[in-house]
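# here is the input, now give the coordinates:
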Amino acid sequence: MQTLVTGTTGQVGRRLVPRLLTQAGAGDRIRVLVRDAARGERFAELGAEVVVGDLRDEEALGKAVAGVDAVLNVAAAFRGVPDEEAWAVNRDAALALGRAARTAGVERFVQISTNNVYGTGRGRPLVEEDESRPGGHMWGAYPASKIEAERGLLAMEGLDVRIARLPFVYGEGDPHLENAMAWAPRWAPQQRLHMAHHADVGQALTRLLYTPGIAGRIYNVGDDAPVTTVELYRLSGMEVPAALYDNTDPDPWHNIVDTRRIRRELGFRPIYPSVWTARDAGAL
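A predicted model of the protein is given here:
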């Protein structure tokens with residue numbers, strides 16, 4: 001199976017592609033789409049085919065999907081970008097890629113989404129059937145554009161779409177965990193963050209990519225032990241600010257997801273059940 005991967009220079013993509021190449025079976029080939037040929041050199045050295053083009057260029061998309069069997073759309077515009085860019089990349093480009101894939105006869109399309117699409121909590125762990133409820137302190141163009149991309153892709157007839165909703169991703173030198181401490185002073189001490197290590201994200205996406213018979217399915221991804229703000233401070237070796245204990249948690253179930261579906265249907269089990277496991281293993 002030949003797979004096109006987008007978003008390969010982002011934090012998830014740059015760690016995912018080497019895993020896919022290492023685990024590739026006989027006949028499996030990986031093609032990556034990059035905007036800058038120089039940034040694709042490391043993937044070429046590992047055995048990937050490199051295609052240069054912009055995700056927002058529909059002509060380039062046609063060339064990128066030609067002859068492939070599957071697409072893994074990891075590309076995303078996240079924090080620090082204008083809302084217009086978030087919509088252009090997360091929704092418009094994803095839907096254009098889906099249309100190009102369908103036209104090219106691509107068999108499978110794995111869309112990377114986020115647990116932020118749920119919006120406000122439900123007073124319990126979130127399940128895949130829960131509708132999106134815009135609102136909450138994390139709502140904005142990123143989750144709004146991602147849920148629109150999900151809906152548009154799932155509505156495309158003739159395209160086998162699978163959705164992975166990722167939590168907070170960390171590990172293997174990713175600065176995401178360190179950067180989170182800039183926001184932590186605004187969180188309540190008992191507020192929890194659901195996480196997944198890059199190794200487990202790679203495991204989950206590989207399962208979505210290769211498992212037959214799951215067209216139209218959505219899967220929550222996450223570890224077994226969401227951590228509190230106080231634990232994040234301790235994990236980072238930082239003193240917990242006294243003022244933190246004055247903060248309240250408006251939504252104690254915000255972004256805490258139920259992962260039973262991916263466990264039951266795809267056999268997913270976290271390599272790192274908690275961030276503490278990853279720390280003890282030297283995998284941060």
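
# hey, let's count contacts and neighbours off CA atoms from now on
Will do.

# assign residue 151 to helix, strand or coil.
Look at residue 151: counting by DSSP: H, G, I helix; E, B strand; the rest coil, its state is helix.

# residue contacts, it?
By CA atoms under 8 Å, 6 or more residues apart in numbering, the contact set of residue 151 is empty.

# check what pLDDT it gets.
Per-residue confidence (pLDDT) for residue 151: 98.

# would you mind measuring from it to residue 204?
21 Å (CA to CA, to the nearest Å).

# swap in residue 158?
Counting by CA to CA - residue 158 and residue 204 are separated by 24 Å.

# looking at these two, which is more packed in?
Neighbour tally, residue 158 and residue 204, criterion other CA atoms under 10 Å: the higher count belongs to residue 204, 24 against 13.

# which residue, other than its chain neighbours, is closest to residue 224?
Nearest residue to residue 224, sequence neighbours excluded (CA to CA, 6 or more residues apart in numbering): residue 273, at 5.0 Å.

# just list whatever residues bridge to residue 169.
Here residue 169 shows beta-bridge partners residue 196, assigned using DSSP bridges.

# quick one, strands of the stretch 51-200 of the chain?
70-73, 108-114, 160-166, 168-170, 192-193, 195-197 (DSSP state E, counting those that start in this stretch).

# residues in contact with the second one?
Surrounding strand 108-114, the residues in contact under the criterion CA under 8 Å, 6+ apart are 69-75, 98, 101, 143, 146-147, 150, 159-167, 205, 208-209.

# CA atoms only: put it into PDB for me.
The C-alpha trace of strand 108-114 is given here as PDB (Å, rounded to 0.1, in the frame of the first residue of the first chain):
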ATOM      1  CA  ARG A 108      -8.500   5.200   2.500                       C
ATOM      2  CA  PHE A 109      -8.300   8.600   4.100                       C
ATOM      3  CA  VAL A 110      -7.200   9.100   7.700                       C
ATOM      4  CA  GLN A 111      -8.000  12.600   9.000                       C
ATOM      5  CA  ILE A 112      -6.200  13.800  12.100                       C
ATOM      6  CA  SER A 113      -8.500  15.800  14.300                       C
ATOM      7  CA  THR A 114      -8.600  17.000  17.900                       C
END
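
# list the strands paired with that strand, with their directions.
Strand 108-114 has the following strand partners under DSSP bridges: strand 70-73 (parallel), strand 160-166 (parallel).

# residue 102 reaches residue 155, doesn't it?
No - at 11.9 Å, residue 102 and residue 155 do not qualify as touching, with contact defined as CA atoms under 8 Å.

# between the two, which has more neighbouring residues?
Using other CA under 10 Å, the more surrounded residue of residue 102 and residue 155 is residue 102, with 19 against 12.

# what's the spacing between the more buried one and residue 195?
33 Å.

# check residue 137 too.
18 Å.

# more neighbours: which of those two?
Taking neighbours as other CA under 10 Å, residue 137 and residue 195 compare with residue 195 leading, 26 against 10.

# residue 30 sits in which helix or strand?
Using DSSP states H and E, residue 30 sits in strand 29-34.

# for that strand, enumerate the helices and strands it packs against.
Where contact means 3 or more CA pairs under 8 Å, 6 or more residues apart in numbering; DSSP states H and E, strand 29-34 is packed against strand 2-6, helix 13-23, strand 49-52.

# for those, please prepare a markdown table with the additional fields mean neighbour count, distance to residue 36 and mean pLDDT.
Shown next, in a markdown table, are the helices and strands packed on strand 29-34 (neighbours: other CA atoms under 10 Å; distance: least, CA to CA, whole Å; pLDDT from 0 to 100):
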| stretch | mean neighbour count | distance to residue 36 | mean pLDDT |
| --- | --- | --- | --- |
| strand 2-6 | 23 | 13 | 98 |
| helix 13-23 | 17 | 14 | 96 |
| strand 49-52 | 19 | 6 | 96 |
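
# nearest to residue 245, out of the ones you listed?
Across these, residue 245 has its closest neighbour in helix 13-23 (36.3 Å, CA to CA).
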